[in-house]
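>>> okay, here's the prediction I keep looking at, along with the sequence it came from:
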Amino acid sequence: MNATRRNFLTLAGGLGALGALGCAAARQSQSQDQPQGQPQDDVPSVDLKEFESLRLDTAAWRYDSDNDCYYQLGLTYCTKPGNDSYESLAIFVPGAYFDATKKGDTYSCAVRKDATVGSLSPACAPAVLPINSLRLNAQSSPESYSFEGLSRYLSAGLVYVYAGFRGRSSGYTSTSKDMVLGGAPWPAVDLKAAIRYLRYNAASLPIDPERVMVFGYGAGGGLSAVLGAMGDSDLYAPYLDAIGAATHDAEGEPLSDGIYGSASWCPITSLDTQDSAYEWMMGQFADADTRADGSWTKLLSTDLANAYGDYINAMDLRDKDDEALTLGAVSDGAYLDGSYYDYVMGTIEAAAADFLRSASWPYTHTPAQMADPCFPGDPNLKREAEQEVGSPGGSSGAATASPSGVSSVSSTVYDSTTAYLSSLNEGNRWMTYSASRGRVRIASLWDFVAHCRPATRPVCGFDMLDRSSPCNQLFGIGKESTLHFDAMVGGLLSAHHDSYAAAEGYEARYADDWDGDLAKKDAFDVSMTERVNAMNPLYTLSGRYDGYGKAKVAPHWRINSGLFQTEMAITAELNLALALDHYQGVSDVSYTPVWGRGFELAERDGDAQDKLVEWVVARCPQAVSEVDSSAG
């Protein structure tokens with residue numbers, strides 16, 4: 001299976017990455033799609049005015065003279081929006097990129113092609129899109145302007161685009177009695193339409209249309225990964241058509257929704273296997289609450305952990321030396337051996353060693369937790385966060401919250417490496433550090449989890465037994481606002497019904513609940529399986545899935561995660577990085593698990609957004625057209 005499908009990807013992935021070579025090369029390749037000598041009459045015709053209503057009004061720019069920023073708000077990015085508040089965007093442009101003429105309260109702007117901001121110019125500048133939603137709540141387009149937080153992006157020459165999108169659930173607005181559809185795959189669909197809108201209007205914007213980059217955190221980071229892995233995928237076609245997303249520009253050239261780069265912090269992704277991954281990495285080592293001996297969910301926990309081992313062994317994951325990564329069983333049947341297990345442990349140990357080598361002592365550890373919002377662009381979100389923090393019950397105990405997207409609790413100060421290790425090893429010496437070799441050894445995954453990453457979710461913490469999680473909302477359909485979606489759990493409930501029924505707490509309806517929900521289709525006659533696939537970046541990156549090689553994949557990736565966070569297993573992000581490393585056409589993958597950090601914008605050092613901007617700029621060199629002209 002494996003070699004054949006990987007060889008196929010050499011062609012498929014390579015074609016998908018051609019856009020990364022630069023905007024001029026991309027435009028040239030488009031013009032060459034027409035075979036020489038073919039009569040124009042044989043080319044399928046398109047309506048060149050079909051998306052004329054999406055044309056950007058270049059005379060409607062507003063200007064912030066204090067910060068030298070041109071901006072437009074409330075730009076609807078599809079012709080048949082389900083909701084204007086969500087399916088619209090705002091654009092913020094560095095002032096140097098435009099030649100402007102004042103006309104009343106607005107400005108008529110044309111791209112100043114010879115402008116530079118930092119190392120960038122309009123020919124090579126990227127458009128960057130934040131996904132400012134931790135749990136995939138709907139993201140509204142900004143209704144008012146604030147420059148706060150935008151300086152680091154615009155001063156580096158980036159064009160900042162804040163696009164609204166529908167969130168994880170359907171609902172109603174105060175202005176209409178009609179339900180606004182939400183849930184999978186609408187968040188991805190809306191952002192794909194926004195990306196096409198930018199390319200439709202590329203001639204009026206100071207950007208390289210090939211260089212659209214998306215970043216997010218938590219479930220928003222998972223959505224960034226979906227957009228990076230599933231450009232132009234057919235899975236979204238009926239949804240994009242339903243909202244009138246642009247399919248071609250004013251010259252009739254097709255528009256892509258693939259992106260140039262994806263960045264994420266603690267991405268919640270691969271929801272088809274998150275329940276089993278959580279039990280393999282963390283749940284199988286717990287023995288309280290839903291994992292207490294005698295409970296049926298303890299049996300399910302064990303079965304899910306073992307099922308994940310089978311899943312990994314079918315994935316054809318490989319390390320940088322192209323050696324297969326698999327799991328093997330130990331004496332009690334648990335999958336806690338093999339090259340994949342060693343790779344996970346090596347990843348954790350390397351992160352710990354990096355921390356200990358670079359830490360400055362005394363070291364202050366302050367646990368932190370992400371909250372909305374993290375990124376700038378919508379001043380309403382900041383005001384709401386400030387009101388929530390200042391309200392009764394807005395914060396409790398030793399925790400302090402901030403509208404910058406981080407909540408933190410009490411700090412602990414460690415005087416030295418020895419003091420830090422002694423604290424971790426209290427009662428059980430499970431971690432050692434050789435300063436001379438710069439290496440860490442951890443006794444077992446069990447020890448790491450027990451001391452640093454204990455299970456905090458119950459068994460089926462993503463696809464909850466009572467359908468109460470945000471993920472259940474994500475896969476709801478219309479008025480059935482929450483549904484089961486995890487086929488692996490459903491299969492185990494059917495296969496092990498008798499053994500579960502003999503244990504404490506089992507209800508016979510569980511298997512029927514899963515079977516019924518998994519069989520449901522949405523208004524577009526799309527199955528639950530297809531909707532889950534549409535939110536899984538591995539669907540197009542791994543030969544285990546039917547979508548392998550059937551999308552345009554971003555060439556540039558940045559994935560950061562806190563190793564101490566307990567929201568999910570490390571395996572989803574690790575598997576994503578491994579798959580990307582072996583996908584033809586992916587240029588670079590920066591995967592950084594950060595020791596000592598939790599569910600936050602985890603970085604080894606520095607400010608997370610500053611690090612993001614540095615990463616973006618480094619991947620946007622001089623455009624091909626500029627290189628050609630300077631050489632001539």
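Nice, I can see it. Numbering: from 1, shown residues only.

>>> now residue 269: which helix or strand?
Applying DSSP states H and E as the criterion places residue 269 outside every helix and strand.

>>> gap between it and residue 133?
14 Å (CB to CB, to the nearest Å). Every residue, glycine included, has its C-beta placed from N, CA and C.

>>> over to residue 612?
Residue 612 sits 17 Å away from residue 133, taking CB to CB as the criterion.

>>> equivalent analysis for residue 240, please.
Taking CB to CB, one finds residue 240 at 20 Å from residue 133.

>>> the more surrounded of the two?
Between residue 240 and residue 133, residue 133 has the larger neighbour count (other CB atoms under 10 Å), namely 25 against 20.

>>> what's the closest non-adjacent residue to that one?
residue 220 (4.6 Å; CB to CB, 6 or more residues apart in numbering).

>>> could you pull out the helices for the stretch 301-450 of the chain?
Taking DSSP state H, counting those that start in this stretch as the criterion, the stretch 301-450 of the chain carries its helices at 339-358, 379-390, 417-424, 445-452.

>>> ok, the nearest residue to residue 60 once chain neighbours are set aside - how many residues close by?
Spatial nearest neighbour of residue 60, excluding adjacent residues (CB to CB, 6+ apart): residue 106 at 5.3 Å. Look at residue 106: counted by other CB under 10 Å, it has 17 neighbours.

>>> ok, the residue nearest to residue 523 when sequence neighbours are not counted - contacts?
The shortest distance from residue 523 to any non-neighbouring residue, by CB to CB, 6+ apart, is to residue 478 (7.0 Å). If you count contacts by CB atoms under 8 Å, 6 or more residues apart in numbering, residue 478 has them with 170, 179, 181, 522-523.

>>> mind redoing it with 7 Å?
By CB atoms under 7 Å, 6 or more residues apart in numbering, the residues touching residue 478 are 170, 179, 523.

>>> what's the distance between the nearest residue to residue 76 once chain neighbours are set aside and residue 195?
Excluding its sequence neighbours, the residue lying closest to residue 76 (CB to CB, 6+ apart) is residue 88, at 4.7 Å. Residue 88 sits 14 Å away from residue 195, going by CB to CB.

>>> mind listing what's buried in the host helix or strand of residue 110?
Assigned by DSSP H and E, residue 110 belongs to strand 106-111. If you call a residue buried by 16 or more other CB atoms under 10 Å, then strand 106-111 has these buried ones: 106-107, 109, 111.

>>> pLDDT and distance to residue 472 added to those residues, as JSON lines?
Listed next are the buried residues of strand 106-111 as JSON lines, based on pLDDT from 0 to 100; distance: CB to CB, whole Å:
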{"residue": "106", "pLDDT": "98", "distance to residue 472": "45"}
{"residue": "107", "pLDDT": "99", "distance to residue 472": "47"}
{"residue": "109", "pLDDT": "99", "distance to residue 472": "46"}
{"residue": "111", "pLDDT": "99", "distance to residue 472": "46"}
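
>>> just to revisit the earlier point, need the pLDDT of the residue nearest to residue 133.
Note on residue 220: pLDDT of 98.

>>> tally of neighbours for it?
Neighbour count for residue 220, taken as other CB under 10 Å: 31.

>>> what bridges to the residue nearest to residue 60?
Assessed by DSSP bridges, residue 106 has beta-bridge partners residue 103.

>>> confidence-wise, which of the helices of the stretch 301-450 of the chain is weakest overall?
helix 379-390 (a mean of 62).

>>> so where do the strands sit in the stretch 451-600 of the chain?
For the stretch 451-600 of the chain, applying DSSP state E, counting those that start in this stretch gives strands covering 556-562, 588-594.

>>> can you tell me which of those is most buried?
strand 556-562 (a mean of 26; mean count of other CB atoms under 10 Å).

>>> next, residue 92: phi, psi?
Backbone dihedrals for residue 92, given as degrees, to the nearest 10, come out at phi -120, psi 120.

>>> before we move on, what about residue 75?
Dihedral pair for residue 75: phi -90, psi 110, per degrees, to the nearest 10.

>>> cool, the one 3 residues further on as well?
Per-residue torsions, residue 78: phi -150, psi 160 (degrees, to the nearest 10).

>>> same question, the one 5 residues further on
Listed backbone geometry of residue 83 is phi -160, psi 120, with angles given as degrees, to the nearest 10.

>>> alpha carbons of stretch 555-575, as CSV, please.
Extracted in CSV, the C-alpha atoms of stretch 555-575 (Å, rounded to 0.1, in the frame of the first residue of the first chain):
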residue,chain,number,x,y,z
PRO,A,555,4.4,24.6,1.3
HIS,A,556,5.1,26.2,4.6
TRP,A,557,4.1,25.1,8.1
ARG,A,558,4.7,26.2,11.7
ILE,A,559,3.2,24.1,14.5
ASN,A,560,3.9,25.0,18.2
SER,A,561,2.4,23.3,21.2
GLY,A,562,2.8,23.3,25.0
LEU,A,563,3.9,19.8,26.2
PHE,A,564,2.2,20.3,29.5
GLN,A,565,-1.3,21.0,28.1
THR,A,566,-4.0,18.4,28.8
GLU,A,567,-6.6,19.4,26.2
MET,A,568,-5.5,16.7,23.8
ALA,A,569,-2.8,14.1,23.0
ILE,A,570,0.5,15.2,21.5
THR,A,571,-0.1,12.6,18.7
ALA,A,572,-2.3,14.7,16.4
GLU,A,573,0.2,17.4,15.9
LEU,A,574,3.1,15.0,15.8
ASN,A,575,1.4,12.9,13.2
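
>>> what about it, average pLDDT?
Here stretch 555-575 scores 98 as its mean pLDDT.

>>> run through the protein and note the low-pLDDT ranges.
1-44, 173-176, 382-409, 623-632 (pLDDT under 70).

>>> if we can go back for a sec, now the residue nearest to residue 523: how far from residue 170?
Taking CB to CB, one finds residue 478 at 6 Å from residue 170.

>>> what are the phi and psi values for residue 165?
Dihedral angles for residue 165 - degrees, to the nearest 10 - are phi -160, psi 160.

>>> helix or strand: which one has the residue nearest to residue 133?
Per DSSP H and E: helix 219-229 holds residue 220.

>>> buried residues, the helix or strand following that helix. List them.
Helices and strands here follow DSSP H and E; after helix 219-229, the next one along the chain is helix 237-242. For helix 237-242, burial by neighbour count (16+ other CB under 10 Å) applies to 239-240.

>>> could you do stretch 370-380 as well?
370-379.

>>> and what of stretch 346-363?
Buried-residue list, stretch 346-363, by 16+ other CB under 10 Å: 347-349, 351-356, 359, 363.

>>> again with stretch 160-167
The neighbour-count check on stretch 160-167 (16+ other CB under 10 Å) flags 160-167 as buried.
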